[in-house]
Structures are given as C-alpha cells and as structure tokens.
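**Student:** Whatever this is, show me its structure:
(2 chains)
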Amino acid sequence: MNPTILAATTGRILRQLRHDRRTVALLVVVPTVLLTLVYYMYADQPAPPGRPSPFDRVALVMLGFFPFIIMFLVTSIAMLRERTSGTLERLLTTPLGKLDLLFGYGIAFGLAGVVQSTVAAAAAYRLLGLTTAGSAALVVLIAAVNAVLAVALGLLCSAFARTEFQAVQFMPVVVAPQLLLCGLFVPRDQMAGWLQTVSDALPLSYAVEALQEVGAHSTPTGLMWRDVSIVAGAAVVALVLAAATLRRRSG
Amino acid sequence: MDDAIAVRDLVVDRGRRRVLDGIGCTVPRGAVTGLLGPSGSGKTTLMRAVVGVQTINSGTVTVLGRPAGAAELRRRVGYLTQAPSVYVDLTVRENARYFAALQGRTVADADAAVTDVGLAAAAGQLVGTLSGGQRSRASLACALVGEPELVVLDEPTVGQDPVLRADLWARFHALAAAGTTLLVSSHVMDEAARCDRLLLIRHGRLIADDTPDAVRAATGVDDLEEAFLRLIRAGEAGPADIGEAA
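**Tutor:** The predicted structure follows:
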C-alpha cells in the first residue's frame, strides 16, 4: 500500500459521494426516520420487568444494523460501477495497489457510516429517549466497525455480480440471514442448535451481542471487546478475499 | 535502440473464439504507430495485452524491455480504454487530479493535462454532463497526465469534430517528437495516413506492418483504404468476406 495513493483514492470516493447530494441526504436522514417509526411502534408496549424496554432493545440493534445494510448496498453498487465502466481496468494499469483501492473504499464508506450512525444515535438518545447503561460513543464505534464489515462484504460480493440487478440480489442473500439470526427476533440461546451454529458463524451476531453488552453494562466488558474484534477480523478477512477476486489480467 | 513494444507469436482466446492468432510485430520508440482494422479484428485485445490486463494463451509481449504488465511499467505506460473510463460523478478536474495523484504527479500537472485536451473551459463540469467527445477527451487527459513513455490509445478520436481531431493528431506527433511512443488504434482508414507506421490486423492476424508510403508503394495505389483492400485480397485465396474490412 502507498499512503499517497490510499489518501487520493479515499478522497476520490468521498468526492463522488459529495457530488451525489440526494444519496448523502438519504444516508443521513433515513435511519432517523426509521428509528422514529420504531419508537411509535413500541410506544404502548410495556417494558418486561428487569429488562430493557422494547424500544431500547430494538433501537440499539437497529443503530448497528442501518450502517451494515446501507453500506453493503452502496459499496456493492459502487464497486460494480468501477468494474462495468472500465475505471477498474484502467486503475489496475496504474501504480495503484489492490489494497489501496479496497482500503480506500473501507475508509471512505466507513467514515460515511460514522456520520450516519452519529446522526442516528444523536436522534435516538436526544429525541427518542434511548437509554443504555454504557456510553453512546461505544454504540457509534460498533456501528462504524459494522459499516467497515459491510463495505468489505460488498466489495467481495460485487465480484460475483455482473449487473446491478444481481448486485442488489446479494443484499437479501448476505444481509437477511444475518438479521434474522442475530438475536433480535429470537434470543440466540433459545434457537435450535443448528441455527445457533449458523448464527455463531455470522459476524452480525457478534456486533449485536456487543451492542447488547453496551446496553446492559455501564463500562465496556471483555465480551464486548472480543465481539468487536471478531467483527473487525471478519472485515479484514472479507477484504483479503476481495483482493483475491481482483485480477489485473482478465479474459 | 530496441523497440518500445515487441510482440511474438501472440495467441489469445476469449471464450471459445480465437481473437489473436499468432501476432508478431514491433513498435518503434518515439513514433506514432497506427493499429488499424475493422471492428472485432482484435485491436482492443492486442492493446490490452500490451498494457498487461489481457490473459494470453501463448506468445510474449515485451514493453519497454520488460514483460507486459510488470509492476514498474505501471508508471511508464498510459492507457486509454475504448469507452471513456472516467468517473461520471466527478468533474473533469477531479478526475485528472485523481489519476495524477496515482502517478505521483501534482495538481498543476493535472490542470495542464485538462488544458492540453481542450477542456479548460469545462474543467469544473461533471463528466456525466459532457458530450461523448468531451468525455473521451477527459479520459485522454487522465491517460496522458503521468507523461508516460508509452501511450496506448484505443480509438481516441471517435466522435471528435474534425478540427479537434486535427488538434489531437498534432498533439500526438508533438509527443512523439519529444520521445514518447504512441500506439493508436482506429477503424477509420483516413487516420492511417497520419501515422508514422501502420499495423493492420484482420481476424486476429497481422496483414501489414510498414510505413504508409511503403504500403502505398507495395500495392501501387495512393488511397490507403484501397491499398488495404488489395493486401487483404492478396493474402486470401478467395474474396470471401472482404466487405467487412471497409
């Protein structure tokens, strides 16, 4: 990797995003609107004794989930556009290294994820009365790591899509099982054994567990840091696999 | 001294189709070499092999003394793809500055490259809002911004108005005079006369590798289009599908 090229690539991706004002507005506003919806959905649901209120439980997981699904989609399409427009082929004839490109996407969309989750977290805590035992900064940190994981998975999946239609289809394939099995709908320890095994293999499960740790404990726990490390590790593995799918030579 | 590009016995299949069938040719340094042939003849595949992004079946491609695609060549070779490969959601200036940064060049180099292709007035415009010809020139600026020793240009003048086309060819010759090697493809035969040397390919085979004057002399006609037609006829047993070459 070359720091100058990495910085230029990150800046280029952010400039592309900045020129697309509608996308920026949607990225920033939509999570807050959806959280507001969740707030009213659960407004009349009583809190189970000794447990967080339904809104606190769901909104906390949602704060980690929004950057995950949105950055996955944005990255899959952005990378597919690099492939189909010929810019990727041209980039690979320049001194740019594969990791410069992949980490450039990771950093640029990771930063977009930080902005997105900061706005969403601010709205959730200030306007909607979200309460967690732990700090909001940790929630944003976990959301940011989730965003980077989503970017890495999006870069990897885009290698297997030839059209935008196919790229969008990877969203239900990659994202939906992770959402269903992450412990939001059914606690993971109440699932059938084989479902737990699948859930254990999915990185979003660890992100959700980390968020639940922040929700329940006033200081960061060892389990939370372990889970964050697992999510970050999964992101690195996905980036390395994505690098392996980038070939300078093609037929 | 040695040639900028040396291709030997190059065979490339794409899918089940043989696209290049034993091509061998050389491209001299400091000159404009035209790669001519009808659409689908293998021009782009040959250029991709030269810049090192084409998987090849057999043969060798040597570029500036190194195997094509060698890492150190990425600073020394500029490539313009046939479809303009620039970011449509960035301005002309932002595109040029990004590709300049990849080549270790400055912002001033990038702005000069934009001016050199006649896009100074449109530098702040998003590429997506430009005409096809302007987009192609924005892409050209990004290929030339690193001042590469070898410039590989796939149909750089398609869609340009005649005045601009003349300007671009004048610029190619100015670059060649300064020592740059240019390999320029075209399917328009009237551009052949502007080149110092010509490579004509058809159906993945080389049918001429000479100067325009030598091609004229060998075939006994002044018009290069007619000259190529005669070369094709001479090289084939029957006049099977000559119409395609036009």
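
**Student:** Counting by contacts, list what the lengthiest helix in chain B packs against.
**Tutor:** Using DSSP state H, we find that the single longest helix of chain B is helix B:162-177. Packing partners of helix B:162-177 (3 or more C-beta pairs under 8 Å, 6 or more residues apart in numbering or on different chains; DSSP states H and E): strand B:32-36, helix B:132-144, strand B:181-186. (C-beta placed from N, C-alpha, C; glycine too.)

**Student:** let's go with 10 Å and repeat that
**Tutor:** Judged by 3 or more C-beta pairs under 10 Å, 6 or more residues apart in numbering or on different chains; DSSP states H and E, helix B:162-177 is in contact with strand B:32-36, helix B:107-116, helix B:132-144, strand B:150-154, strand B:181-186.

**Student:** in it, what's buried?
**Tutor:** B:164-165, B:167-169, B:171-173, B:175-176 (16 or more other C-beta atoms under 10 Å in any protein chain shown).

**Student:** Please read off the pLDDT at B:Val127 from the model.
**Tutor:** With respect to pLDDT, B:Val127 scores 96.

**Student:** For it, which residues are in contact?
**Tutor:** B:Val127 makes contacts with B:84, B:86-92, B:94-95, B:119, B:134-135, B:138-139, as judged by C-beta atoms under 10 Å, 6 or more residues apart in numbering or on different chains.

**Student:** For the chain, just list every one of the helices.
**Tutor:** Answering for chain A, as no chain was given. In chain A, the helices defined using DSSP H lie at A:3-19, A:21-41, A:54-85, A:87-91, A:98-122, A:136-158, A:164-180, A:193-201, A:203-216, A:222-245.

**Student:** Oops, wrong one, chain B.
**Tutor:** B:43-51, B:92-102, B:107-116, B:132-144, B:162-177, B:212-219, B:224-235.

**Student:** Run through who's touching the fifth one.
**Tutor:** Under the criterion C-beta under 10 Å, 6+ apart, residues B:28-33, B:116-118, B:133-134, B:136-137, B:140, B:144, B:147-148, B:151, B:153, B:156-161, B:180-182, B:184, B:188, B:190-191, B:194-196 lie in contact with helix B:162-177.

**Student:** Of those residues, keep whichever come out buried.
**Tutor:** Neighbour-count burial (16+ other C-beta under 10 Å) applied to these gives B:29, B:31-33, B:116-118, B:133-134, B:136-137, B:140, B:144, B:147-148, B:151, B:153, B:156-157, B:160, B:180-182, B:184, B:191, B:194-196.

**Student:** tell me which strands and helices the lowest-mean-pLDDT helix or strand in chain B is in contact with?
**Tutor:** Ranking every helix and strand in chain B by mean pLDDT, DSSP states H and E puts helix B:224-235 at the bottom, with a mean of 85. Taking 3+ C-beta pairs under 10 Å, 6+ apart as contact, the helices and strands that helix B:224-235 lies on are strand B:32-36, strand B:197-202, strand B:205-210, helix B:212-219.

**Student:** try it again with 7 Å
**Tutor:** Helix B:224-235 sits against strand B:197-202, strand B:205-210, helix B:212-219, with contacts defined as 3 or more C-beta pairs under 7 Å, 6 or more residues apart in numbering or on different chains; DSSP states H and E.

**Student:** For the first one, list every residue counted as buried.
**Tutor:** In other words, strand B:197-202. B:197-202.

**Student:** Out of these, which comes closest to chain A?
**Tutor:** Checking the buried residues of strand B:197-202 against chain A with C-beta to the nearest C-beta, the nearest one is B:Ile201 at 18.9 Å.

**Student:** So that closest one sits against B:Ser39, correct?
**Tutor:** No - if you go by C-beta atoms under 7 Å, B:Ile201 and B:Ser39 don't touch, sitting 11.7 Å apart.

**Student:** what's the burial count for the residue nearest to A:Tyr39 when sequence neighbours are not counted?
**Tutor:** In space, and not counting its chain neighbours, A:Tyr39 is closest to A:Leu128: 4.6 Å by C-beta to C-beta, 6 or more residues apart in numbering or on different chains. Using other C-beta atoms under 10 Å in any protein chain shown, A:Leu128 is surrounded by 16 other residues.

**Student:** wait, what's in contact with A:Leu128?
**Tutor:** Shown in contact with A:Leu128 (C-beta atoms under 7 Å, 6 or more residues apart in numbering or on different chains): A:35-36, A:39, A:59.

**Student:** which bits of chain A sit near chain B?
**Tutor:** Contact residues, chain A versus chain B (C-beta under 7 Å from any C-beta of the partner chain): A:4-5, A:8, A:12, A:15-16, A:19-20, A:85-87, A:89-90, A:92-96, A:248-251.

**Student:** picking up where we left off before, report the two members of the contacts of A:Leu128 separated by the largest distance.
**Tutor:** Largest separation among those by C-beta to C-beta: A:Thr36 and A:Ala59, giving 10.0 Å.

**Student:** Between those two, tell me which one has more neighbours.
**Tutor:** Comparing A:Thr36 with A:Ala59 by other C-beta under 10 Å, the one with more neighbours is A:Ala59, at 29 against 15.

**Student:** confidence score at that one?
**Tutor:** A:Ala59 carries a pLDDT value of 94.

**Student:** got it, and the one 10 residues further on?
**Tutor:** We have a pLDDT of 93 for A:Ile69.

**Student:** Kindly state the pLDDT recorded for residue 3?
**Tutor:** All of this is about chain A. pLDDT, read off for A:Pro3, is 93.

**Student:** um, chain B though
**Tutor:** 91.

**Student:** likewise B:Gly238?
**Tutor:** For B:Gly238, the pLDDT comes out at 48.

**Student:** Name the residue closest to the centre of chain A, please.
**Tutor:** A:Phe68 (2.3 Å; C-alpha atoms, centre = their mean).

**Student:** ok, that residue - contacts?
**Tutor:** By C-beta under 7 Å, 6+ apart, the contact set of A:Phe68 is A:146-147, A:149-150, A:204.

**Student:** Farthest pair within those residues?
**Tutor:** The largest separation in those, counting by C-beta to C-beta, is between A:Ala147 and A:Leu204 at 12.1 Å.

**Student:** Show me chain B divided up by domain.
**Tutor:** Recorded structural domains for chain B (assignment: automatic domain parsing) are B:1-76+B:148-156+B:179-246, B:82-147.

**Student:** Now the ones you listed in TSV, please, with extra columns for distance to A:Asp100.
**Tutor:** Shown next, in TSV, are the domains of chain B (distance: least, C-beta to C-beta, whole Å):
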stretch	distance to A:Asp100
domain B:1-76+B:148-156+B:179-246	12
domain B:82-147	9
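
**Student:** Pick out the shakiest of these, pLDDT-wise.
**Tutor:** Of all those, domain B:1-76+B:148-156+B:179-246 carries the lowest average pLDDT, namely a mean of 88.

**Student:** Quick one: distance of that one to the chain centre.
**Tutor:** Here domain B:1-76+B:148-156+B:179-246 is found 9 Å from its chain centre; the criterion is C-alpha atoms, centre = their mean, to the nearest Å.
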